Structures are given as C-alpha cells and as structure tokens.
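Peer 1: sequence and predicted model, in that order:
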Amino acid sequence: MSKTMEDYIKETTSVLLGNIDKRQALVQPLIEELVSAGVRQKKILVFVASGSSYNAIMCARSFMLQRLKSKVRLITPFEFCYYEEQDDNNVYLFVSQSGCSTNVYEAVEKYQKAGGRAIAVLGNLDSTIGQMADKAFEYGVGEESVGYVTKGVITLSGYCMLLALELTAEEIGKSTYEEEVREMKGAALNHHSVYQYARGFCREHEKAFLSMEHVMLMASGANLGTAREGALKLAEMVHVQTTYYEVEEFIHGPNLQVDPSYTLFFIDGGDGASDRIREISYASQALTDKCYLISASEFGLDKLDEAFTPLYLTAFFQYLAFWVARELKINGDHPFYERFKERVKNKTGDYKDTSPF
Ligand SMILES: O=P(O)(O)OC[C@H]1O[C@](O)(CO)[C@@H](O)[C@@H]1O
C-alpha cells in the first residue's frame, strides 16, 4: 500500500533532522556550482519555481535574506519566460519537486536556448527536468509519491536555509553558526508538535472546518510563505476559495467582505508583529466565529527566530487540508476539470502521483 499524505507529514521531522545533520554533504555540491557561477562575486541568486516549490522558497526567504543580504530573488517560471530580463549578474536556480512541471521545463528550455547553463534543484532527478538540466541537485526529500506535497515543501525550505547558512558560515563565525543549526533542529522538532496539535484542533473545530466556504489566511514576514502554501493546499484539496494577505493589508479592503460564512486564519510568527496580528485577529472575531490564531508562541513550542517558524507552522495547514479533504471524501476532481486538462497541461508525461488517503 502506498503512503498517505499524513505519513509524509509525519516523516518530515526526521528527514529534516537528518538533512541538518548531513548539511555540508547535502548542500556543498550546489555551493561549488554556485561559487563557480559567481555568487561570491555579488551575483544575485534567482529562484525560479511554481506552486508549493515557490511557497517553500518564500518560507525560507527571510532567513536567506538575513544571511545573503539582498542577493536573493524569487520569481515564477512564467515571470521568467515573459518578463525577466536575463542578466549576467543573475544566477538562476530552476526548482521543481516533481521535476515535471511544464512551466519550469519551458523556463529551462528558454534559458538554455539563450545560451544559459541551467542549474536545477529537484525532488526527483530521474525526471524530464532532471534529464534536460545542465546540472541537477536533489534537496534531500527522498521519495514522496503523493502529489499534494508536504515533506517536499518543508525539506526544500530547509535546504534553502542550509544553503544560505553554509554559504555564509565563515562570515558569521562559529557561535552564530552553531546557534542557527540549533534553532533549525528546534524547528524540525516543533514540526512534530504542530502536527500533533493540528490533529486535536481539527477534531475540536470539526463543524467549522468541515463547512468551510471562503478561507482567508493572514500573516507577515516569513509566514507569508506559510499563508500562501496554506491557501494553495486548501484550494487544491478542499476545493474552496482561498486568499492570503499580509495581515495589515487585510484591514485595508479585503475585510469588508467578511461575514460569518468566512473562515479566517491569522498566523503569528511570535516576533515584533505579534501584538498587531493578535489585535487584528481579535477584532475579526466580531465578523465571524470561524476566526483562528495559529501562533508560534503557543502549543508549548520552543521559541525560535521568526525566520524559522514556517518550517513548522506550515504543518498545521498541511494537516488541515489533508484532514478536511479526507473527512469530506474529496478525492477526485470536478468532472469539468478533465476537459480543462485536455486543453492545458501543467505536468510532463512522466509525472506520476498517488492518492493522499
Ligand atoms: O513539482 P513542482 O514543480 O514543484 O510543482 C509543485 C506543484 O505541482 C502540484 O503538485 C500540481 O500542480 C502542486 O500541488 C504543487 O504546488
């Protein structure tokens, strides 16, 4: 029997811990490639990714920016293909968990046709993009057959953080380096606590969660990535309309539509923005009873730098999407989706996935 999505959520802590332990061996091959491409000469690292992979990098972006200063950008493959002015000052990294997304494939193809050397970071090297890239690296996820990726998202995020950490290890000094490693390990352990917490929370709020219609996720800082990924997972699995906002942006218009049919999640990374997030979350309880604060300062979690909190707060939304879809028995697409797929493809022919349940 193939593994369920919950199996992959559960595996995440140990895989992430293992990757942190073997961090040098894991990221060194890519570092060598990036160094020869000029990242130490102030070149800009540009991640090109889509969907959950985009979100995973967004979750890691705060930490990467702290370490690499302003030398990181994140764009979609569509943006790369139609709007990006390719520049010798940019080092592009094409990222895909499946290695089969057609948009990433097209971006790689376009880059190669323009004479670029395509470096890919993939969950599956034995894939279309793995074969076409000039150099491909696996980020330490191992196997994940469920298409609604969870373990892959967190391990990819962790890989990006480890990459930034190892790239700057000499500059930051031994004690800061060791502290960052300790925090990352704490984040991996917190992941398991959030998963356990989510299981209880879903049961406790089952009536509300099994009747969601419109879902909004509000966050700030690093957890904008968490919110974007939560919105994606709930949309693709529960088939409800979802949006995400920076918390303060929410009260500049989007809040005017909210009535008791809306479900609101406020994500608090436990940093300086915390009080404001709590204030807005509390005020929003006047609009709907389905208003939840998911906070890094609670559930008995170890207190860590906000930049690491997406590594575990994401687990809440992964489990929520899985649990609601399973309980509501949503394990297929709308009949019209078949017609849609005949017209537009988002994965190459070698893509395979298994059921989340
Ligand atoms: O495999 P990639 O390129 O990382 O794309 C991941 C995205 O693809 C999907 O598996 C399906 O399009 C999404 O669930 C996910 O966000």
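Peer 2: Cool, got the structure.
Peer 1: how about whatever residue of the stretch 251-357 of the chain ends up closest to the ligand, what does it touch?
Peer 2: Closest approach of the stretch 251-357 of the chain to the ligand (Cβ to the nearest ligand atom) occurs at Asn346, with a separation of 5.1 Å. All C-beta spots, glycine's among them, are computed from the backbone N, C-alpha and C. When the contact criterion is Cβ atoms under 8 Å, 6 or more residues apart in numbering, the partners of Asn346 are 101-103.
Peer 1: need the pLDDT of it.
Peer 2: Note for Asn346: predicted pLDDT of 96.
Peer 1: which of the contacts of Asn346 sits closest to the ligand?
Peer 2: Closest to the ligand, out of all of those and judged by Cβ to the nearest ligand atom, is Ser101, at 3.3 Å.
Peer 1: you'd agree the closest one is up against Gly51?
Peer 2: Yes - applying Cβ atoms under 8 Å, one finds Ser101 in contact with Gly51, separated by 7.4 Å.
Peer 1: what does the stretch 151-300 of the chain have sitting close to the ligand?
Peer 2: Along the stretch 151-300 of the chain, the residues adjacent to the ligand under the rule Cβ under 6 Å from any ligand atom are 232, 236.
Peer 1: in the stretch 151-300 of the chain, which spans are helices?
Peer 2: When assigned using DSSP state H, counting those that start in this stretch, the helices of the stretch 151-300 of the chain occupy the ranges 151-167, 169-172, 174-204, 206-209, 223-238, 247-250, 274-284.
Peer 1: pick the most deeply packed of the ones you listed.
Peer 2: Comparing the helices of the stretch 151-300 of the chain by mean neighbour count (mean count of other Cβ atoms under 10 Å), helix 151-167 ranks first with a mean of 27.
Peer 1: quick revisit: from the contacts of Asn346, list the buried ones, please.
Peer 2: Applying 16 or more other Cβ atoms under 10 Å to these, the neighbour count classes 101-103 as buried.
Peer 1: show me which of these neighbour the ligand.
Peer 2: Restricting the buried ones among the contacts of Asn346 to those near the ligand by Cβ under 6 Å from any ligand atom leaves Ser101.
Peer 1: put together CSV for the buried ones among the contacts of Asn346, with pLDDT on each row.
Peer 2: Listed next are the buried ones among the contacts of Asn346 as CSV, based on pLDDT from 0 to 100:
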residue, pLDDT
Ser101, 98
Thr102, 98
Asn103, 98
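Peer 1: can you list the weak-confidence ranges in this structure?
Peer 2: Flagging of the chain using pLDDT under 70 yields an empty set of residue ranges.
Peer 1: show me what residue of it gets nearest to the ligand.
Peer 2: Across the chain, the shortest distance to the ligand (Cβ to the nearest ligand atom) belongs to Gly51, at 2.6 Å.
Peer 1: I figured that residue was touching Leu232, is that so?
Peer 2: Yes - taking Cβ under 8 Å as the definition, Gly51 is a contact partner of Leu232 at 6.4 Å.
Peer 1: quick one: contacts for the residue lying farthest from the centre of the chain?
Peer 2: When distances are taken from the C-alpha mean of the chain, Ala286 lies farthest, 30.8 Å away, according to Cα atoms, centre = their mean. When contacts are counted by Cβ under 8 Å, 6+ apart, Ala286 touches no other residue.
Peer 1: going forward, begin numbering at 16 instead of 1
Peer 2: Got it, the first residue is 16 from now on, which makes the last one we talked about Ala301.
Peer 1: tell me which residue lies nearest the centroid of this protein.
Peer 2: By Cα atoms, centre = their mean, the most central residue of the chain is Ala71, 2.4 Å off.
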